[in-house]
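Enquirer: Requesting a structural model of the entry that follows:
(one chain, ligands or ions: 1)
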Amino acid sequence: MKTTYIIGHTKPDTDAVVAAMAFEYLCKNWKEMGYVTPVAAITDPLNPETQFLFDTFGVSAPKVLTAADLNENTEVVLVDHNEASQRMSGLDGELESQIVEIVDHHKANINFNNPVYLTFKPWGSTCSIVYYLMKKFGVQPEKTLASFMLASILSDTVGYKSATCTEHDKKFGSELAALAGVTDVDGFTLEIFKAKSNISTLTDEQIVKNDYKVFDFGKKTMIDQLETVEQDLVLTQKKASLLQAMERVKAELGAELIFVAITDILKVNTKLLILTQAEQAVAEKAFGGTTVDNVLDIGPKMSRKKEIAPAIEMALK
Ligand SMILES: [Mn+2]
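Expert: Here you go, the predicted model:
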C-alpha cells in the first residue's frame with residue numbers, strides 16, 4: 001500500500017500549497033482516483049502570504065517533505081509545476097519514476113520513461129484545475145478548503161487582473177466564494193494583497209528570493225517577483241541594498257542573469273531591477289524602453305509565466 005505524496009514546487013506560493021491539499025481532498029472523496037493514502041506535502045516552509053491564510057483559518061501547514069522521505073513504498077503527484085528545475089531537490093534521476101501524475105498550468109517540459117496521468121490546462125491557477133476535477137467527479141470542497149482555493153485563484157490571477165486569468169478562473173472563483181461564504185470578494189482580495197505586500201518584515205535577500213524561479217534559457221536565468229502595493233518604497237529606499245543582495249544571490253545560485261520584478265498589484269505595473277549591462281541588454285531587447293538608474297519600467301506586465309519569462313527567453317534566442 002503506497003503513500004502518495006502530493007507536492008507543489010519549491011518555494012511554494014499559495015497555489016502550490018493549496019492545490020496539493022485540494023487534490024488530497026479529491027482523492028479522499030473520490031476513491032476511483034486510485035490513491036489509497038494521499039498526503040499533501042510542501043517542499044519549503046510557507047511564505048508570508050500563505051502563512052497569513054493558514055493563520056487566519058487556524059489550519060496547520062502540510063508536512064515538509066524531502067527526497068529522503070521517498071522509498072519503494074511511496075509515489076508522487078506533482079501539482080502547480082512539472083519541470084525538473086522547479087521540483088523538490090532530489091526528485092530527478094532514478095527518483096523521477098516516483099512521479100505518477102501531474103496537474104499543472106505551466107508550460108510542460110518533461111520527458112519521462114514511464115507513462116503518467118497528466119492534466120494540464122492553460123488557466124490562471126492550479127486550484128481552478130483541481131476544482132474542475134472535483135466538479136467532474138461530484139466532489140464539493142468543504143468551507144475552509146473552498147476559501148483556500150478561492151484565495152489561491154485570486155492570488156495567482158492577482159484578483160482576476162493577470163493576463164493568465166481565464167473565464168474558468170472567474171466562474172470557478174465565484175462558485176468557490178459561494179461555497180466559502182465569502183460575499184466581499186474585493187475585500188478578501190485586498191487582505192491577501194496586503195499579506196503578500198508586507199515587505200517591512202522582509203530582508204533584502206528575502207525580497208530577492210521572494211518568489212523566484214531559475215530557468216535554463218541557454219543562460220542560467222533567475223527571475224524573482226515581488227507583488228506589492230509599495231513599489232515606490234521598494235524602488236527608492238531599498239534599491240541600493242537590493243542590488244547588492246542581487247549580486248550575492250546571483251553568485252550563490254551560479255546564475256548568469258538575474259532579474260527582480262517589482263510588481264504593483266494595484267497600479268498594475270512592473271518595474272525590473274537591472275543589475276549589470278548583461279541584464280540591461282537582455283531586458284531592453286525583451287521589453288523595449290530604456291533603463292534608468294538600474295530600473296526598467298515594463299508597463300502593465302504582471303505575469304512572470306505568461307509575459308515576463310517568455311519575453312526574456314525570446315530575447316536570449
Ligand atoms: Mn500556480
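Enquirer: can you list the residues of this structure near the ion?
Expert: Proximity of the chain to the ion (C-beta under 5 Å from the ion) is limited to residues 15, 80, 126, 156. Bear in mind the C-beta positions are built from the backbone N, C-alpha and C, glycine included.
Enquirer: can you list the domain ranges for this protein.
Expert: With domains defined by automatic domain parsing, the chain comprises 3-194, 200-316.
Enquirer: what's the most distant pair in the residues of the chain next to the ion?
Expert: Farthest-apart pair in the residues of the chain next to the ion is D80 and D156; separation 8.8 Å (C-beta to C-beta).
Enquirer: Name the residues contacting each of those two.
Expert: Residues touching both D80 and D156 (C-beta atoms under 8 Å, 6 or more residues apart in numbering) are 13, 15, 126.
Enquirer: Residue of the stretch 151-300 of the chain nearest the ion, please.
Expert: D156 (4.7 Å; C-beta to the ion).
Enquirer: next one: the stretch 1-150 of the chain
Expert: D15 (3.5 Å).
Enquirer: That residue: what's it in contact with?
Expert: Counting by C-beta under 8 Å, 6+ apart, D15 has contacts 8, 80, 125-127, 152-153, 155-156.
Enquirer: and the longest strand anywhere in the chain, C-alpha only, in PDB?
Expert: Longest strand in the chain, counting residues (DSSP state E): strand 219-228. What follows is strand 219-228 as a C-alpha-only set of coordinates in PDB (Å, rounded to 0.1, in the frame of the first residue of the first chain):
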ATOM      1  CA  LYS A 219      21.900  31.100 -20.000                       C
ATOM      2  CA  LYS A 220      21.000  30.200 -16.400                       C
ATOM      3  CA  THR A 221      18.500  32.900 -15.600                       C
ATOM      4  CA  MET A 222      17.000  33.700 -12.300                       C
ATOM      5  CA  ILE A 223      13.700  35.600 -12.200                       C
ATOM      6  CA  ASP A 224      12.300  36.800  -8.900                       C
ATOM      7  CA  GLN A 225       9.000  38.600  -8.500                       C
ATOM      8  CA  LEU A 226       7.700  40.600  -5.600                       C
ATOM      9  CA  GLU A 227       4.000  41.600  -5.800                       C
ATOM     10  CA  THR A 228       3.400  44.600  -3.600                       C
END
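Enquirer: Pairing partners for that strand, with directions?
Expert: Using DSSP bridges, strand 219-228 pairs in its sheet with strand 212-217 (antiparallel), strand 257-264 (parallel).
Enquirer: Which positions within that strand qualify as buried?
Expert: Within strand 219-228, the residues that count as buried by 16 or more other C-beta atoms under 10 Å are 220-228.
Enquirer: Next up, identify which helix or strand V282 is on.
Expert: V282 belongs to helix 277-287 when assigned by DSSP states H and E.
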